[in-house]
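>>> Here you go, sequence then predicted model.
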Amino acid sequence: MARSKLLTAAALSSAIVLASCAGKTVSDDTSATSTATSPESTTTVETLVLETDDDVALNLEIEQVEPDTLIEESDEMNMDLVGDLVFFDYDKADIRAEFREMLNTRAAYLVANPNIEVVLEGHADKRGTREYNLALGERRAKQVATYLQVKGVSAGQIDVVSYGEEMPLALGESESDYAQNRRVKFK
């Protein structure tokens, strides 16, 4: 019986959250609704008190963010101004001095926004075996991850993936083409 009530409560709360995300209201089992808006932001918190058929009361708080706030946050998250690529020397995973300022800017942003996550994609040029290049791309991405963590970024905000030579930026076979493919990309 207790499990049935728990499942009913979970199903009902899921339905309310889904309905709320869709912009619809749930009125069948709603016994009270209150809304509070903070004057300094455009965030609205709505509290729903629901009663199920089994006399189980649920208190749910749903936070709604106005679309203008989302646009402003996405503008702030656009870090293209500082770049999203770190390039490496041939067969190396050491971070070059010219990329440290950009990485410091990225790190400061991620520390200030702990809810933002980043994927570091490691790449290599096509010289070497496929397996070696996958490992080299991973070493490069992990080196950038370690640098960010030393600057205070949480390890939980960082994922590392290696594509090795599989996703070249430049398709030619010149040294400048190879240099463009030895990189870590922020996603």
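Noted; the coordinates are in hand.

>>> in the chain, which spans are helices?
Using DSSP state H, the helices assigned to the chain run over residues 2-21, 67-77, 100-112, 130-150, 175-181.

>>> least reliable of those going by mean pLDDT?
Mean pLDDT is lowest for helix 67-77 among the helices of the chain, at a mean of 37.

>>> Now do the residue nearest to N104 when sequence neighbours are not counted, the pLDDT please.
Spatial nearest neighbour of N104, chain neighbours left out: K151 (6.4 Å); criterion: C-beta to C-beta, 6 or more residues apart in numbering. Bear in mind the C-beta positions are built from the backbone N, C-alpha and C, glycine included. As predicted, K151 sits at a pLDDT of 97.

>>> One more: the one 10 residues further on?
V161 is assigned a pLDDT of 98 by the prediction.

>>> so it touches V119, yeah?
Yes. Counting by C-beta atoms under 8 Å, V119 is a contact partner of V161 at 6.1 Å.

>>> dump the residue contacts of Y90.
Each residue near Y90 by C-beta atoms under 8 Å, 6 or more residues apart in numbering is listed here: D125, R127, Y178, R182.

>>> Alright, I will stop here.
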